[in-house]
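Asker: whatever this is, show me its structure:
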Amino acid sequence: MFTKLANLWEESRRIGLDAFQYRVRAELSRRLGLDARRRPVREFTPERWLQGAPDGMLRRPEEFYAWWRARGGRLFVPEIRDLADFYHERLSAEDREAIADRGVKAARGTILAFRGWEADFGHPPRWSLNPVTKARWPADRHSKTVYSGRIRQGCGDIKYTWEIGRFLHAADVLRAYALTGDRRLVDDLFVQIESFAAENPLYQGPHWISEQEAAVRACMLALVLETLRPTDCLDGRRVVTLLVQLAASAEFCMKEAELARRCIANNHLIAAALGLYLAARVMPWHRRAGRWRDCGRTLVRESLRTQWWPDGGYLQSSHNYHRLALSYLVWVLRLAELGGDGPLAAAIRARLAPAFVLLNSMIDESSGRLPNWGANDGALFCPWTSCDYADFRPLVTSLTFALDGTRQYDAGPWDEQLLWFWGPESLQARAVHRRPADGSFPQQGLHCIRQAQSVAVLRSGPILSRYGHQADQLHVDLWWKGQNVLLDAGSYSYADPEAHAWFQSTRAHNTVVVAGQSQMVPYRQFLFLGWPQAGTFSAPSHPAVRRWLGGWHDGYCRLPKRIVHGRLLLEMGEGCWLVIDLLAAKHASPSASVDVCWHLPDAPYSTADKCLQLELEEGRFAMAWAGLEGGTIRVESACPDRPDGWHSRYYGRKGPALSVHLEGRLEDKLLVATWLGPAELRPVLRCDPGGEQVTCGDLSLSMNSCFDELRRRCR
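Answerer: Below is the predicted model of the structure:
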């Protein structure tokens, strides 16, 4: 009982007492059915939702259509012919074929879920379907009662069902239509839109649970409306259907934004703000447009003030969520520019500038990828390029154009995002390559060293918010010749309890596990307790060490031995790195197990003489280690019966990886050294039996001062 009370007290402190109390009241209101009474189900009748249109005109759709076309509210969308020109002039035949094929499938209900795998919902879509388990969410229940524990157990991951309701696949249909001119694609898309409106009234079924889902859907339907405006694909009935959905989504965001502001206050809040600001822009004639605009603007400004760190980082410890939040802001920026809202546009640019520096520091330029760091739910809000989901170049080049009107890269498929946001003139902008550089971002807790063909990132820093954490202090991500040779396992699925627990645990990261425990205490699905202190750590100077990174954390001070972990990452030459792990315990007994975990790509390998060698297309890459006398090495590949040995780049899908474990025992201190680099450059590596000296080729380092510093940090 005491432990439960202590955990509740810590949870309330981490969330904030006001937010905790508000969330408790909201949950009680939901469970008692009060929310369902306050938020009655509403049908999509035009007269209810399109207030501001001339009286009686909504009953004459073609008159309304002519009236609507004469009004303002245009979005930042390119002409169909400009899209077609881009595809024919700048993309390969293979890319054009992929655009057409994906669009045809999306129009018939087979969408590219999370931009990584196909999910078939049928045509018209079965809106409540989980395409993986084939279970269905109750489509006739009030949205406030759909997402209950018992229903979740039977229906699986609701994100799989939400993926069709977001209408992100509408961009695939529009791109295919621009390329082929096939009117049937648009007709099939409107079958889906009209089916959604008929089967999913407001506050009924699984698609009206989250303000973020409603806002994303509104953005995609606005994209359909404005992209097709100059064509003959629209008529009065279709325009009314789209505008009703936009207005209903805006009203939903107005009502649900307070929960997002007070209890969630992350990307959900920015999405709700975007949904409101967008509706005001698209329907400036609507009677509620002024309230939508003012509320959306206020929420955007609040998020700019509270959700971003001075170093360019984001309060959700994840590159994927960082990209999502920045994409929302770019949408708002363009809407503000079009609407003449200069102060809001300037405030957004002030946040984009440091964010670009952070992302550009971490990026692998040959692939556009960043480390698979933090929670990765598959979100890609701007799905309108031929780049892979994991490629951040579309966002990065959008940031530079938004900041100073230049492009970060030479011409490539990533430029299509510029075309959608800023039109064909943006494609002529000068390319100014700002070369990625070493970077240290203390609030975000990421530190990076770059070589010509290798990039190393160390995760070490304070936990400043409760969102999206994984127990990954001192994780190292390493890229070599464009290959992610030390990788983060990812996320896979939030709704699979066993897999979710493993993917966010310390064992799923390239760091040290003590006594089989994670660095923090798992508590709720998205919340750890027992947050560690963490910071930078000094390395002894040596002329052979070019550059280094160092960090420490005290997450294992909660164990009886009171252990502090320190890690040094040293650059040893082109493509060569040395990782030194130091563990110091306040109490020598009892001993504790230690597991130095490494996760590598699935590739042929061999082990001999404390060395593992990978056979990659880029060459032979080796990992050698020293220390842990009397310990063992264990190499595991993917097994269906356990999560260890898996890697997930795309939400809902996992693939094999190698999981390497260097295992031993800790008494009062422990020193382990791991060398990584091209196999032909492997040096002689030793740790002295006393655990205080590391020798790597001609380099010899004493760790006495490092152990002294760690002992001072033992609480």
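
Asker: okay, CA-based contacts and neighbour counts for the rest of this
Answerer: Noted.

Asker: where does the stretch 351-500 of the chain dip in pLDDT?
Answerer: The model of the stretch 351-500 of the chain has pLDDT under 70 over residues 468.

Asker: now the strands for it?
Answerer: All strands of the stretch 351-500 of the chain, identified by DSSP state E, counting those that start in this stretch, fall at 439-441, 446-450, 454-459, 476-480, 483-486.

Asker: what about these, which gets the closest to residue 529?
Answerer: strand 454-459 (18.8 Å; Cα to Cα).

Asker: tell me the domain ranges of the protein?
Answerer: Domain assignment for the chain by automatic domain parsing gives 308-433, 439-712.

Asker: TSV please, covering these and showing distance to residue 28.
Answerer: Output for the domains of the chain, formatted as TSV (distance: least, Cα to Cα, whole Å):
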stretch	distance to residue 28
domain 308-433	27
domain 439-712	18
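
Asker: pull the helix or strand with minimum mean pLDDT from the protein.
Answerer: Ranked by mean pLDDT, DSSP states H and E, the weakest helix or strand in the chain is helix 2-15, scoring a mean of 70.

Asker: list the buried residues of whichever helix or strand comes after that one.
Answerer: As assigned by DSSP states H and E, the chain's next helix or strand after helix 2-15 is helix 17-31. In terms of neighbour count (16 or more other Cα atoms under 10 Å), helix 17-31 has its buried residues at 19-20, 22-23, 26, 29-30.

Asker: check stretch 358-367 too.
Answerer: So for stretch 358-367, counting by 16+ other Cα under 10 Å, buried means 358-365.

Asker: who's in contact with residue 540?
Answerer: By Cα atoms under 8 Å, 6 or more residues apart in numbering, the residues touching residue 540 are 701-703, 705-706.

Asker: quick one: residue 677 and residue 572 touch, right?
Answerer: No - Residue 677 lies out of contact with residue 572 (Cα atoms under 8 Å); the separation is 9.1 Å.

Asker: which one's more surrounded, the two?
Answerer: With neighbours defined as other Cα atoms under 10 Å, residue 677 and residue 572 compare such that residue 677 has more, 24 against 20.

Asker: without its sequence neighbours, what residue ends up closest to the more buried one?
Answerer: Spatial nearest neighbour of residue 677, excluding adjacent residues (Cα to Cα, 6 or more residues apart in numbering): residue 576 at 4.3 Å.

Asker: tell me what the one you found is bridged to.
Answerer: Taking DSSP bridges as the rule, residue 576 bridges to residue 573.

Asker: can you give me the separation between it and residue 324?
Answerer: To residue 324, residue 576 is 33 Å away according to Cα to Cα, to the nearest Å.

Asker: dump the strand or helix carrying residue 320 to PDB, restricted to CA.
Answerer: Take DSSP H and E as the rule and residue 320 turns out to sit in helix 319-338. Output in PDB follows, covering the C-alpha atoms of helix 319-338 (Å, rounded to 0.1, in the frame of the first residue of the first chain):
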ATOM      1  CA  HIS A 319      13.000  12.300 -33.400                       C
ATOM      2  CA  ASN A 320       9.700  11.100 -34.800                       C
ATOM      3  CA  TYR A 321       7.600  13.300 -32.600                       C
ATOM      4  CA  HIS A 322      10.000  16.100 -33.100                       C
ATOM      5  CA  ARG A 323       9.400  15.800 -36.900                       C
ATOM      6  CA  LEU A 324       5.600  15.600 -36.400                       C
ATOM      7  CA  ALA A 325       5.500  18.800 -34.200                       C
ATOM      8  CA  LEU A 326       7.700  20.700 -36.600                       C
ATOM      9  CA  SER A 327       5.500  19.600 -39.600                       C
ATOM     10  CA  TYR A 328       2.400  21.000 -37.700                       C
ATOM     11  CA  LEU A 329       4.300  24.200 -37.200                       C
ATOM     12  CA  VAL A 330       5.200  24.500 -40.900                       C
ATOM     13  CA  TRP A 331       1.500  24.100 -41.800                       C
ATOM     14  CA  VAL A 332       0.600  26.900 -39.400                       C
ATOM     15  CA  LEU A 333       3.500  29.000 -40.700                       C
ATOM     16  CA  ARG A 334       2.200  28.800 -44.200                       C
ATOM     17  CA  LEU A 335      -1.400  29.600 -43.100                       C
ATOM     18  CA  ALA A 336      -0.100  32.600 -41.100                       C
ATOM     19  CA  GLU A 337       1.900  33.900 -44.100                       C
ATOM     20  CA  LEU A 338      -1.100  33.600 -46.400                       C
END
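
Asker: who are the packing partners of that helix?
Answerer: The contact analysis (3 or more Cα pairs under 8 Å, 6 or more residues apart in numbering; DSSP states H and E) places helix 319-338 against helix 267-282, helix 342-362, helix 393-404.

Asker: measure the residue nearest the centre of the chain to residue 699 for me?
Answerer: The chain has residue 320 as the residue nearest its centroid, 1.9 Å off, counting by Cα atoms, centre = their mean. Residue 320 sits 38 Å away from residue 699, going by Cα to Cα.

Asker: what residue ranges in the stretch 601-715 of the chain score low on pLDDT?
Answerer: Residues of the stretch 601-715 of the chain that meet the criterion pLDDT under 70 lie in 630, 639-641, 715.

Asker: show me which helix runs longest in the protein.
Answerer: helix 236-259 (DSSP state H).

Asker: quick one: contacts of that helix?
Answerer: Applying Cα under 8 Å, 6+ apart, the external contacts of helix 236-259 come out as 23, 44-46, 49-50, 58, 61-65, 190, 193-194, 197, 202, 211, 214-215, 218, 221-222, 225, 269, 272-273, 275-276, 279, 292, 295.

Asker: one step back: make CSV out of the buried residues of helix 17-31 and add distance to residue 513 and pLDDT.
Answerer: CSV is the format used below for these (distance: Cα to Cα, whole Å; pLDDT from 0 to 100):
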residue, distance to residue 513, pLDDT
19, 33, 73
20, 32, 74
22, 36, 74
23, 34, 76
26, 38, 79
29, 41, 82
30, 40, 81
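
Asker: helices and strands around the helix or strand harbouring residue 571, which ones?
Answerer: Here residue 571, judged by DSSP H and E, is contained in strand 563-573. With contacts defined as 3+ Cα pairs under 8 Å, 6+ apart, the packing partners of strand 563-573 are strand 548-556, strand 576-585, helix 704-712.
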